[in-house]
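Asks: Compute the structure for the input listed below.
(chains A and B)
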Protein chains: 2
Amino acid sequence: MVFIISKLYNFRIMTIKTISSLGEFGLINSIKKGLSNTTKDKNIIVDIGDDCFCFKSGKDYIHITKDMLIENVHFKIDWTTSYELGKKAIEVNVSDLAAMGNVTPKYIFIGFGVPSNTSEKFVKDLLKGIKETCNKYKILLSGGDTVKSEKIIISVTVIGIGKSKPVKRTGAQVGDLIGVTNNFGDSGAGLHLLYKHGIKYNYTKSERVLVNAQNIPRARLKESCKISKYLTSLTDASDGLFVSLNLITQDSFKGAHIDIEKIPVSYNLKIVFNNNKQILNFALFGAEDYQLVFTVPKSKSKIIKKLVPSITYIGEIIYGKKVKYFYNGQEQKIKYCGFKHF
Amino acid sequence: MVFIISKLYNFRIMTIKTISSLGEFGLINSIKKGLSNTTKDKNIIVDIGDDCFCFKSGKDYIHITKDMLIENVHFKIDWTTSYELGKKAIEVNVSDLAAMGNVTPKYIFIGFGVPSNTSEKFVKDLLKGIKETCNKYKILLSGGDTVKSEKIIISVTVIGIGKSKPVKRTGAQVGDLIGVTNNFGDSGAGLHLLYKHGIKYNYTKSERVLVNAQNIPRARLKESCKISKYLTSLTDASDGLFVSLNLITQDSFKGAHIDIEKIPVSYNLKIVFNNNKQILNFALFGAEDYQLVFTVPKSKSKIIKKLVPSITYIGEIIYGKKVKYFYNGQEQKIKYCGFKHF
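Replies: Prediction:
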C-alpha cells in the first residue's frame, strides 16, 4: 500500500523489518488484536489486510485506503520533482482501489506536513501534480490539514465506491491461470539507477523510461474495471511481483506454479541491463510497478485477454502452500532476497 | 480539527499563521481551487470546511474526518504519557463526528510514523490508549500503516455513519439561543501549567484536573446524539470558544450577542487562577475543550437542557456579521489575541 525508498530489494526488506519489528512486535497486528472485533459488523466486506478496507452501505461498496509518505523514507526530493511526487501520491492510492476491482475513486483527504523552509515553488508544483491527477480521475478534494513538520509528509486517504462486490485476494482456485498486466521490473530498475546516478545524470532514452516508471507510475484502474468481474482474486504489485504472488496464494490457501520465462519485461529493461539474472531480480523483487496480479478461471482467460491485450499469463494455481518457480521446466530455488540459484 | 501545542493563545495563533501563510498562499484552498468541483456530486452533503466531510450513500450519511498529529507540533512526549496520547488521538477525532450530530463512529485508519529508537513501552502504552478508546466507542481498526520517521506521527482517519442529516455550521437563525456544554478554559489552563512546570511538577489537585483536561479530553458524542435533532447549527470547540462562535456566525451569515459572564468556567479554574481576566482568556481563547457549541430555537431550548443538564446558554443570534461581547450589559472590545479592554 506504500511506496518505500530502497536500495533495491535487499535494503528494502531491511527497512521494513526495522520498522515492523519495532520492539519485536508488529505494531498494527498488536493494535488489531486488542480491538473490539467483538463488534462483528455484518457490513464489513473486506477487513484489514487487503489492499483496501471495504464496507457496504445500501447498494454501495465503500472502499477506503490510506497511505502516509514521508520524505527520505518513501521519497527523496533530490530524485524526483515535487510535480511528479504529487502525481505519484494519488496514483499509488488509486492503484489500491484498482486492486479491488471495479471501483470509482471519489473523495480524497490530504494531510500535509511541511517544514517552514519549504519553497513556494516546491509546494505549487506538488499541488499541480495532485490537481492534475485528481482531475484525471475526477476525484474531489474533500478535506485536508496543513501542519508544520520537520520533513515533508503527505498523508492521503482515498474513498472509492464500487457497485459490485470487490475482488479479494482470497478466491484463487486450483486450475486458475495467474495473469498480470504489462511489464515488471522497470520501476525497480529506475530506482536502482537513481541510487547510482541521482536525478541529474545524463540518462539514455531507455534509462529515462525506467526512471520515469519509478517516479511517474500509473494505476491500472481502467484495466481492472474491464476485467474484474471475471477474476477470482486480485491485487496490485505495489510491493513487487514476488510479494503479490505470495499474498494471493497465502490468502487463498493455495500454491502456484510460475514459469519465470513468461514474466513480461520491457524492451528498455533488457536494453539497459544486459544480464538475465539482474533483469529477473528487478521483475520479481523490484517494487512499485503497480501492475495488476490476478487469477482467472481458464474458461475466462481468453475473454479478458481480448479486453486487455497487455495481459500475460505467467502460471497456474496448484494444490499446496508454496509458490514454485520454474525456468524452462526446471524448478528454481528463489528466496525473498533474490535468486539463490538460477 | 487538530490540536496544536501552543504557549497559550498568542503563541498558538502565530503557529497557525506561520503554517497557513506558507509561501503566502493557503495550501489547502489552493488545492481545492484547481480541483474538479466541476464534478458536482449530488451525494455530497457537507463539503470541505466543516468539522467533517459527509456524503450520502443509500440511507446512510457517511462522515469522514482526518487528523495528523506530529511530535513537538501537536504534542510533546515530555508533557503527556503515550497512553494519554493514544486516548486523545481517538477522542479528538470522535469530537469531529460529535460536531456533526447523531453520528456513530465505525471505522478507524491509523498511520504511525515511528523513529527507530522509540521504546517498546512507549508504543505499547500508546496502543493501550488507542485500544481502550476505540473499544469504548466500539470503533473497529480497519487499516493502518507503520512507517519509519524522524518524529512520532499519528495520522488518523475516522469514518462515522449517521442515519439523519448532519447539523452544519450554517443554519443559525436570528433569535436562536447559543448554547454550550460543560465548562471552558480548563484545557488551555492545563497547557499553560505544562508550559510553566512540565509534567513532573507536584501539582495541586485542582491544577491536576486542568492538566488532565488538556491531556485526556473527552468528546461530547453522547450529548450530541441526544440533542442534535433540535439544533440549527453545531460545532465542537476544538480551537476555542471564540473561534467556534466566529465559525458559526460567519458560516450562517449572522451576528451574535454573547454575555461573557454566562460563559461557564470550572471551580478548579477559578481556584487555580484567581484573576478574572486570565480566566476569561482561557475560556475564550484556550483551545481543546472539545465542548459542543451550537444554536437552538428558543422553543426547543428547555427540552435540550433537560436532556443534557450541563448545557448553558451564553447568548443569542442577532442580525449582522459580528460577534458582540457584553459584560454586565456593557459591550467589550475583544480581539483574537485576547482582551483589549475589560
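Asks: Do you know the pLDDT at the residue in the stretch 101-250 of chain A that chain B sits nearest to?
Replies: Nearest residue of the stretch 101-250 of chain A to chain B (CB to the nearest CB) works out as residue A:120 at 3.2 Å. Any C-beta I mention is one placed from the backbone N, CA and C, and that applies to glycine too. For residue A:120, the pLDDT comes out at 80.
Asks: Number of residues surrounding it?
Replies: Neighbour count for residue A:120, taken as other CB atoms under 10 Å in any protein chain shown: 11.
Asks: so how far is residue A:126 from it?
Replies: Counting by CB to CB, to the nearest Å, the gap from residue A:120 to residue A:126 is 11 Å.
Asks: and if you look at residue A:321?
Replies: Residue A:321 is 44 Å from residue A:126, by CB to CB.
Asks: if you count what's nearby, which of the two comes out ahead?
Replies: residue A:126 (26 against 10).
Asks: Flag every buried residue along the strand or helix carrying the more buried one.
Replies: Assigned by DSSP states H and E, residue A:126 falls within helix A:120-137. Of the residues in helix A:120-137, A:122-131, A:133-135, A:137 count as buried by neighbour count, 16 or more other CB atoms under 10 Å in any protein chain shown.
Asks: Beyond it, next helix or strand please.
Replies: strand A:140-148.
Asks: beta partners of the nearest residue to residue A:332 once chain neighbours are set aside?
Replies: The spatial neighbour of residue A:332 that comes closest, neighbours along the chain excluded (CB to CB, 6 or more residues apart in numbering or on different chains), is residue A:325 at 4.7 Å. With DSSP bridges as the criterion, residue A:325 is bridged to residue A:258, residue A:332.
Asks: how many other residues sit next to residue A:297?
Replies: Residue A:297: 14 neighbours (other CB under 10 Å).
Asks: So what does the residue lying closest to it once chain neighbours are set aside have for phi and psi?
Replies: Excluding its sequence neighbours, the residue lying closest to residue A:297 (CB to CB, 6+ apart) is residue A:176, at 5.7 Å. The phi/psi pair for residue A:176 (degrees, to the nearest 10) reads phi -60, psi 150.
Asks: Run a quick neighbour tally on residue A:176.
Replies: 26.
Asks: Does it touch residue A:298 like I think?
Replies: Yes - the criterion here is CB atoms under 8 Å, and residue A:176 meets it with residue A:298 at 7.2 Å.
Asks: ok, which residues in the stretch 101-250 of chain A are in contact with chain B?
Replies: Applying CB under 8 Å from any CB of the partner chain, one finds that the stretch 101-250 of chain A approaches chain B through A:106-107, A:109-114, A:116, A:118-120, A:123-124, A:127-128, A:130-131, A:134-135, A:138-151, A:153, A:155, A:157, A:159, A:161.
Asks: Just the buried residues of the residues you listed.
Replies: A:106-107, A:109-114, A:118, A:123-124, A:127-128, A:130-131, A:134-135, A:139-151, A:153, A:155, A:157, A:159, A:161.
Asks: So residue A:180 belongs to a strand, correct?
Replies: Yes - per DSSP: H, G, I helix; E, B strand; the rest coil, residue A:180 lies within a strand segment.
Asks: surely it meets residue A:291?
Replies: Yes - with contact defined as CB under 8 Å, residue A:180 reaches residue A:291; the gap is 5.5 Å.
Asks: Of the two, which one has the most company?
Replies: Legend: neighbour count by other CB under 10 Å for residue A:180 and residue A:291, higher for residue A:291 (29 against 25).
Asks: need the contact list for that one.
Replies: Listed by CB atoms under 8 Å, 6 or more residues apart in numbering or on different chains, the contact partners of residue A:291 are A:180-184, A:220, A:236-237, A:241.
Asks: Kindly state the pLDDT recorded for it?
Replies: For residue A:291, pLDDT reads 97.
Asks: For the contacts of residue A:291, pick the one with the most neighbours.
Replies: Going by other CB under 10 Å, residue A:184 tops the contacts of residue A:291 with 31 neighbours.
Asks: And the closest residue to that one other than its chain neighbours, its phi and psi?
Replies: The shortest distance from residue A:184 to any non-neighbouring residue, by CB to CB, 6+ apart, is to residue A:283 (4.1 Å). When read as degrees, to the nearest 10, the backbone of residue A:283 gives phi -70, psi -40.
Asks: And for residue A:283, the neighbour number?
Replies: Neighbours of residue A:283 (other CB under 10 Å): 24.
Asks: Summarise which helices and strands whatever helix or strand residue A:314 lives in is packed against.
Replies: Element membership for residue A:314 (DSSP H and E) is strand A:311-318. Packing partners of strand A:311-318 (3 or more CB pairs under 8 Å, 6 or more residues apart in numbering or on different chains; DSSP states H and E): strand A:177-181, strand A:255-259, helix A:298-307.
Asks: Now do the residue in chain A positioned nearest to chain B, the pLDDT please.
Replies: Chain B sits closest to residue A:58 of chain A, with a gap of 1.9 Å, by CB to the nearest CB. In this model, residue A:58 is scored at 91, pLDDT.
Asks: how close does it get to residue B:62?
Replies: Distance from residue A:58 to residue B:62, by CB to CB: 10 Å.
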